[in-house]
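Student: have a look at this prediction, sequence included:
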Amino acid sequence: MAFHLTCDVVDEDHWSLQEYRTWIESNEMLLREITNQTVPYKEISVSVDIRCDKNGSVSLPWPARAKHLWKMSVSNCILFDFLKEYNTTHYVQDSLKVLELVNVTMHNDNQEFIHVMKWRRYFPRMQFVDMSHNRIKYFSSLAENGLSNDTVGVLDLRHNNITTITPDDLQTLRIHSSSVYVDIRNNPLHCDCKLSAFVNFSKNASNELLRRYGYLSSMACATPEQYRNIIVSSLENNFCEATEFILVKGPVIALSVCVVIVIVVTGLVIKYRKELVILAFTRLHIRLPCRRIVKGEDKLYDAFIAYSEDDGQWVFGTLLPRLEMPAENGGPGFKLCIHHRDFPVGGCIVDNINAKVDESNHTVLILTNNFLRSYWCKFEFKAAFNQSIMEKKRHLIIILKEELDKRLIDADMRRCLQTFTYAKAEDKLFWDKLIFALSDRKVNLNLARIRELNNNADMVGIAVEADREMDRVNGIEQQNLAGAIIAHPEGIIIDGIWNI
């Protein structure tokens, strides 16, 4: 007489084999009544089916001995105490014939677990072990048992992670073929050189082991992709060489592509290194260490703008608004000197030009044909050129606004155009290059905040407050700033550059 017990273990509940043992002990009389004593009590058999949900767990000490228990099925559970009773003396007869563990997580650190898997030696009455749908990679030790028996047990290893079958695996099947039948179908075989022995074995139809394990000759490759779903026995003898070539070719191609990318990127960085430094400063607010910085400058103006009267519309309508836009409005906030606006009234033009060029960190030439025709523009150029020689630095910044008439270019101007790098107004990076060129003074100050203080205090108070504000803005102690703040009718000028 057979009885079937089902138990659902939900959430974090726990079921123990001891619960079954307690139940069977307390229900012996009931079982006798149900069988009506028509069946010998010793022939009563019970199967237990445990199904877990979420974090349900089961205590199942091997070998799961209990009265009349012939089958134990556990699925989706966390398994504890597997070897708890392994070396314990049992007085209950071993009647377990089927142990089914499906999708279980087994907690066990004992190295003797591998000996338990020699199930035909230690549990000769057990005929079927289902270990399918797990992550088993090797089966030699699982099939090993060392004893013969009148019956043949079945070890189900389908749907695991066995990727190769070695000569040792074939030898294991051969040695234990009289006591256990191993089913390794539906495993993801990887057809590379490690599988060569098995490929040759599968082609030998007269092999006695192959006749016993007929399914071996119909197993198919899962990887690599070019052999996917191809029957192993149909592979050519040179398949290994082709596979090795592909395995080597893939990394070589990947490495080659990486090398090419590195070379191309390095070449682009070298070719466009100046542009990258400029964009890092103007777009990403990063001052690279290779940037040349002018030290010790205390000029009133960031730049003196030299231009022809005929180009005044572009200067006043485009250039000045872009460069003089205050920092609080997102602009660079440069202080520029324009002869129409900043020359003292009544002064000598020659003296004014020389003085303003000297008071400016740079002179920006708006170079056009009108500029080359103008006497005073040429004089401004000469003054700026002499200033560059005296200061021994790149004082001149040349903006080429149009194609020049070569007949109008004198020797000094031609020498400058050949020596200095100039910016073309139609260049996509024109404004980045111009802002970058004008921002080469050392001290990094928040000009917008300083100018805001200028509107709220007298000149002496501003100087003191500006020092304190710079400490807060930069986060470090500013040294040697005495004399860096210069009084001016329009405000105060700080010896520094504008940081985008």
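Tutor: Cool, got the structure.

Student: for E275, give its distance to K71.
Tutor: The spacing between E275 and K71, counted by CB to CB, to the nearest Å, is 77 Å. The C-beta positions use only the backbone N, C-alpha and C, and glycine is treated the same way.

Student: neighbours of the residue nearest to I24 when sequence neighbours are not counted, how many?
Tutor: Closest residue in space to I24, ignoring its immediate chain neighbours: K67 at 4.9 Å, by CB to CB, 6 or more residues apart in numbering. A count of nearby residues for K67, using other CB atoms under 10 Å, gives 17.

Student: also the one 10 residues further on?
Tutor: Using other CB under 10 Å as the criterion, C77 is surrounded by 24 other residues.

Student: ok, back up a step: what secondary structure does the residue nearest to I24 sit in?
Tutor: coil (DSSP: H, G, I helix; E, B strand; the rest coil).

Student: what residues are up against it?
Tutor: Counting by CB atoms under 8 Å, 6 or more residues apart in numbering, K67 touches R21, I24, E25, V92, S95.

Student: returning to that earlier point: out of E275 and K71, which sits in the busier spot?
Tutor: Neighbour comparison, E275 and K71: the larger count goes to K71, with 18 against 15 (by other CB under 10 Å).

Student: wasn't the more buried one part of a helix?
Tutor: No. If the criterion is three-state DSSP, then K71 is strand and not within a helix.

Student: look up the closest residue to it, ignoring the ones flanking it.
Tutor: Nearest non-adjacent residue to K71, counting by CB to CB, 6+ apart: S47, 3.8 Å away.

Student: can you show me the strands along the stretch 1-150 of the chain?
Tutor: Counting by DSSP state E, counting those that start in this stretch, the stretch 1-150 of the chain has strands at residues 2-9, 14-16, 45-52, 57-59, 69-75, 78-80, 98-102, 105-106, 128-130.

Student: still on that earlier bit, just give me the closest of the contacts of K67 to S57.
Tutor: Of all these, S57 sits closest to R21, with 17.8 Å by CB to CB.

Student: tell me, how many residues neighbour that closest one?
Tutor: 15.

Student: do I24 as well
Tutor: For I24, the neighbour count with other CB under 10 Å is 19.

Student: any idea how the chain splits into domains?
Tutor: 1-116, 301-442, 443-500 (automatic domain parsing).

Student: nearest to A222, of these?
Tutor: Closest of these to A222 is domain 1-116, at 20.8 Å (criterion: CB to CB).

Student: mean confidence for that closest one?
Tutor: Across domain 1-116, pLDDT averages out at 79.

Student: tell me how far the residue nearest to I24 lies from L173.
Tutor: Distance from K67 to L173, by CB to CB: 36 Å.

Student: Y213 reaches H176, doesn't it?
Tutor: No. With contact defined as CB atoms under 8 Å, Y213 does not reach H176; the gap is 11.9 Å.

Student: overlap of the contact sets of the two?
Tutor: Common neighbours of Y213 and H176 (CB under 8 Å, 6+ apart) are V182.

Student: tell me, what residue is most central in the chain?
Tutor: Using CA atoms, centre = their mean, the residue of the chain that lies closest to the mean C-alpha position is C258, 16.6 Å off.

Student: okay, that residue and L268: tell me how far apart.
Tutor: Distance of C258 to L268, given as CB to CB: 16 Å.

Student: got it, and Y227?
Tutor: On the measure of CB to CB, Y227 and L268 end up 41 Å apart.

Student: over to I44?
Tutor: 83 Å.

Student: comparing these two, which shows the higher neighbour count?
Tutor: Taking neighbours as other CB under 10 Å, I44 and L268 compare with I44 leading, 20 against 12.

Student: L69 is in contact with the more buried one, correct?
Tutor: No. Under the criterion of CB under 8 Å, I44 makes no contact with L69, lying 10.6 Å away.

Student: check which helix or strand covers the closest residue to L276 other than its chain neighbours.
Tutor: Spatial nearest neighbour of L276, chain neighbours left out: V269 (6.5 Å); criterion: CB to CB, 6+ apart. For V269, the host element (DSSP states H and E) is helix 239-271.

Student: also I305?
Tutor: Going by DSSP H and E, I305 is part of strand 301-306.

Student: sheet partners, orientation included, of that strand?
Tutor: strand 336-337 (parallel), strand 360-367 (parallel) (DSSP bridges).

Student: so which bits of that strand are buried?
Tutor: Buried residues in strand 301-306, counted by 16 or more other CB atoms under 10 Å: Y301, D302, A303, F304, I305, A306.

Student: residue ranges with poor pLDDT in this structure?
Tutor: Along the chain, segments meeting pLDDT under 70 span 32, 35-43, 86-87, 90-91, 108-125, 141-150, 241-250, 285, 288-297, 441-500.

Student: number of nearby residues for the closest residue to C193 other than its chain neighbours?
Tutor: Closest residue in space to C193, ignoring its immediate chain neighbours: C240 at 4.2 Å, by CB to CB, 6+ apart. Neighbour count for C240, taken as other CB under 10 Å: 17.

Student: would you confirm that C240 contacts F198?
Tutor: No. Look at C240 against F198 with CB under 8 Å: they stay out of range, at 11.6 Å.

Student: returning to what we had before: how much space between the residue nearest to the centre of the chain and P224?
Tutor: Separation of C258 from P224 (CB to CB) stands at 22 Å.

Student: contacts for the host helix or strand of L320?
Tutor: Assigned by DSSP H and E, L320 belongs to helix 320-324. The contact list for helix 320-324 (CB under 8 Å, 6+ apart) reads 303, 305, 331-336, 338, 431, 434-435, 438.

Student: re the thing from before, show me the contacts for the residue nearest to K71.
Tutor: Neighbour list for S47: A2, F3, H4, L5, L69, W70, K71, M72, S73, V98 [criterion: CB under 8 Å, 6+ apart].

Student: which among the residues you listed count as buried?
Tutor: L69, K71, M72, S73.

Student: looking at those residues, which is nearest N352?
Tutor: For these, the nearest to N352 is S73 (103.1 Å; CB to CB).

Student: so what sits opposite that closest one in the bridge?
Tutor: Beta-bridge partners, per DSSP bridges, of S73: D49, E100.

Student: for the remainder of this discussion, apply numbering that starts at 328.
Tutor: Will do, 328 is the new start, and the previous item becomes S400.

Student: returning to that earlier point: quick one: the strand holding I632 to chain centroid distance?
Tutor: Remark: strand 628-633 is offset 48 Å from the chain centroid, using CA atoms, centre = their mean, to the nearest Å.

Student: what of stretch 740-750?
Tutor: 46 Å.

Student: residues contacting it, please?
Tutor: With CB under 8 Å, 6+ apart, stretch 740-750 has contacts from 694, 699, 708, 712, 721, 723-727, 736, 757, 760-761, 764.

Student: ok, now which ones touch M433?
Tutor: M433 is in contact with L406, F409, counting by CB under 8 Å, 6+ apart.

Student: how far away is it from L410?
Tutor: According to CB to CB, M433 and L410 sit 10 Å apart.

Student: now I680
Tutor: For I680 relative to L410 (CB to CB), the value is 99 Å.

Student: V579 too?
Tutor: According to CB to CB, V579 stands 49 Å off from L410.

Student: higher neighbour count, the two?
Tutor: Just comparing V579 and L410: by other CB under 10 Å the higher neighbour count belongs to L410, 17 against 10.

Student: for the more buried one, give me phi and psi.
Tutor: L410 adopts backbone torsions of phi -110, psi 20, taken as degrees, to the nearest 10.

Student: looks like it contacts W389 (just checking).
Tutor: Yes. If you go by CB under 8 Å, L410 and W389 touch, sitting 6.0 Å apart.
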